[in-house]
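[1] Below: sequence and its predicted model.
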Amino acid sequence: MAELNWKGVYPAVLTPFKENGEIDFDMFAKNTEAQIKAGVHGIIIAGSLGDAAVLDTDEKFELLTFARQVVAGRVPVILNITENTTKNAVNFAIKAKELGADGLMLLPPMRYRADDREVVTYFKAVANATDLPILIYNNPVDYAVFVSPAMFDELKDCPTIAAVKESTRDLTNITRMKNQFGDRFKILGGVDTISLESIVVGADGWVFGLVDAFPNETVAMYNYAVNGDYEKALEIYRWFMPLLELDIHPKLIQYIKLAATAEGIGTPHLRAPRLPLIGEEAERIHKVIADGIASRPRLN
């Protein structure tokens, strides 16, 4: 198993589809190779950006098995858990371990908006069912559940809960977590548009979206930032921003798939209910992508 230390750049990889809606495993392999060549530190499969909502359970496990074959131990492979019931989440975690996952990303229960006690109990049940390290996904903007520092205080004695994907969009939450827990939980910034700022205030890395289309620029920006070369990091960040804003929209899957397609490492195809862009929206997004590609910074 690849070492998983929850530091660095972790793409929330796309799930490319063929025109008929089947998973395009060849393109998945091509994108994964581009990520590894750029220097990412792990990949997260079947996340929100990876079309978790329209993949069935068997397809997620099929992706995990295929990803492990492609990666061949070069970086950790992390599988996302988005389940409605505690029983299903526990069984999913157990099966992921059997199939060779290196770690898990775990969301609160889907559909039912659980209260704090229920969310903590759910997380503990999954954590107690596996020895795989777990990344808690904290995204109250999209999933209506804020995993507060008080809740993490109840989770700190679970040894498998190792990190948090910090997507609250409140940078001060990183400082609150660091003040209360020190290095007990690794923190990965989960919002592309405040990624550089998250490193400055203490994040250990990123779960990134636009890395799916621009792996070289993302890893270069991260390396400059952690090495304190903020001038070079800012140069990339300012160029990147119009593209990064594609990540904070309900149509992020459509948008980022178009960007990856433009870079030759993705396909534009979707599963309903998502539909291809049309009209002014399509023209605007294609222009953002084309302008970014045309003006991309030269990397040393």
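    Cool, got the structure.

[2] which residues of the stretch 51-200 of the chain fall in strands?
    Using DSSP state E, counting those that start in this stretch, the strands of the stretch 51-200 of the chain run over 77-81, 103-106, 134-138, 161-166, 186-189.

[3] Would you format these as JSON lines with mean neighbour count included?
    Bear in mind the C-beta positions are built from the backbone N, C-alpha and C, glycine included. Output for those, formatted as JSON lines (neighbours: other Cβ atoms under 10 Å):
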{"stretch": "strand 77-81", "mean neighbour count": "27"}
{"stretch": "strand 103-106", "mean neighbour count": "25"}
{"stretch": "strand 134-138", "mean neighbour count": "25"}
{"stretch": "strand 161-166", "mean neighbour count": "25"}
{"stretch": "strand 186-189", "mean neighbour count": "23"}
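
[4] wait, which of the ones you listed is closest to Tyr122?
    strand 103-106 (8.7 Å; Cβ to Cβ).

[5] Mind giving me the packing neighbours of the closest one?
    On a contact count with 3 or more Cβ pairs under 8 Å, 6 or more residues apart in numbering; DSSP states H and E, strand 103-106 meets strand 77-81, helix 86-98, helix 116-128, strand 134-138.

[6] Could you dump the strands of the stretch 51-200 of the chain into a markdown table and include distance to Asn31 and mean pLDDT?
    Formatted as a markdown table, the strands of the stretch 51-200 of the chain follow (distance: least, Cβ to Cβ, whole Å; pLDDT from 0 to 100):
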| stretch | distance to Asn31 | mean pLDDT |
| --- | --- | --- |
| strand 77-81 | 14 | 98 |
| strand 103-106 | 18 | 98 |
| strand 134-138 | 21 | 97 |
| strand 161-166 | 20 | 98 |
| strand 186-189 | 20 | 98 |
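
[7] how about those strands in a markdown table, adding distance to Leu234?
    A markdown table is the format used below for these (distance: least, Cβ to Cβ, whole Å):
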| stretch | distance to Leu234 |
| --- | --- |
| strand 77-81 | 29 |
| strand 103-106 | 29 |
| strand 134-138 | 27 |
| strand 161-166 | 21 |
| strand 186-189 | 16 |
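
[8] and the helix or strand of the chain with the lowest mean pLDDT, C-alpha only, in CSV?
    For the chain, scoring each helix and strand by mean pLDDT, DSSP states H and E identifies helix 140-143 as the least confident one, at a mean of 90. The C-alpha trace of helix 140-143 is given here as CSV (Å, rounded to 0.1, in the frame of the first residue of the first chain):
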residue,chain,number,x,y,z
PRO,A,140,-21.9,22.6,5.1
VAL,A,141,-22.4,24.8,1.9
ASP,A,142,-23.3,21.8,-0.3
TYR,A,143,-24.3,19.2,2.2
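
[9] Offset the numbering so it begins at 658, please.
    Renumbered: residue one is now 658, and that last one reads helix 797-800.

[10] Return the distance of that helix from the chain's centre.
    Averaged C-alpha coordinates place helix 797-800 at 14 Å from its chain's average position (Cα atoms, centre = their mean, to the nearest Å).

[11] same deal with stretch 876-892?
    Worked out by Cα atoms, centre = their mean, stretch 876-892 lies 20 Å from the chain centre.

[12] got a list of contacts for it?
    Contact partners of stretch 876-892, identified using Cβ atoms under 8 Å, 6 or more residues apart in numbering, comprise 665-666, 695-697, 852-853, 856-857, 862-863, 868, 893-894, 897, 954, 956.
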